[in-house]
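Student: quick one, what's the 3D model for this:
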Amino acid sequence: MADVPPGFRPINPVDGVTQAFAPLYRRDEGNHISLGFHVGPQHCNPRGHCHGGTWATLADLEMGMNACTMTGRGGPTVTMTLDYLGAAVVGQWVEGKARLLRQTPKMAFMDCTFTADGELALRANGIFRLKWAPNPDVITG
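Tutor: Prediction:
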């Protein structure tokens, strides 16, 4: 498998979901966290492409982690939409980037994109309820 890009470090799986998708990586960039992974068989549908459920789960992680990092509070996903724009196959490096679009006292409005070997593959939008202080054990490196 190809090398992990500079600055990314492994995420210690803390639950069954992150364990199922391991290995996952993160790169901290100020108040932003980028998720990354090499597509493996555990991420794929029977046709050998990254599964829509994998994309949805990792977009939820990317936006949720960043909502917490960027606002100082975290909480559950209220809604999420996905646009599947491309494919990713075994061996490709996938990387996510999230943005905080707007914040209210109780909600964070987020979006994110994922690329596969630099080509846009997914765009997602989500709204997250801001309820709890950050928990550093949820996604750790």
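
Student: for the rest of this, base every contact and every neighbour count on C-alpha atoms.
Tutor: OK.

Student: remind me what the longest helix along the chain packs against, helices and strands.
Tutor: Criterion DSSP state H: the longest helix present in the chain is helix 52-71. Contacts defined by 3 or more C-alpha pairs under 8 Å, 6 or more residues apart in numbering; DSSP states H and E place helix 52-71 against strand 32-38, strand 77-84, strand 93-103, strand 107-116, strand 119-129.

Student: mind running it again at 7 Å?
Tutor: strand 32-38, strand 93-103, strand 107-116 (3 or more C-alpha pairs under 7 Å, 6 or more residues apart in numbering; DSSP states H and E).

Student: now do the buried residues in it.
Tutor: 52, 54-56, 58-71 (16 or more other C-alpha atoms under 10 Å).

Student: repeat for stretch 76-90
Tutor: 77, 80, 82, 87-90.

Student: now do stretch 110-126
Tutor: 110-116, 120-126.

Student: closest to Leu35 out of those residues?
Tutor: Phe114 (9.0 Å; C-alpha to C-alpha).

Student: any idea which residue sits dead centre in this protein?
Tutor: Glu62 (2.7 Å; C-alpha atoms, centre = their mean).

Student: so what's that one up against?
Tutor: Residues near Glu62 by C-alpha atoms under 7 Å, 6 or more residues apart in numbering: 35, 96, 98.
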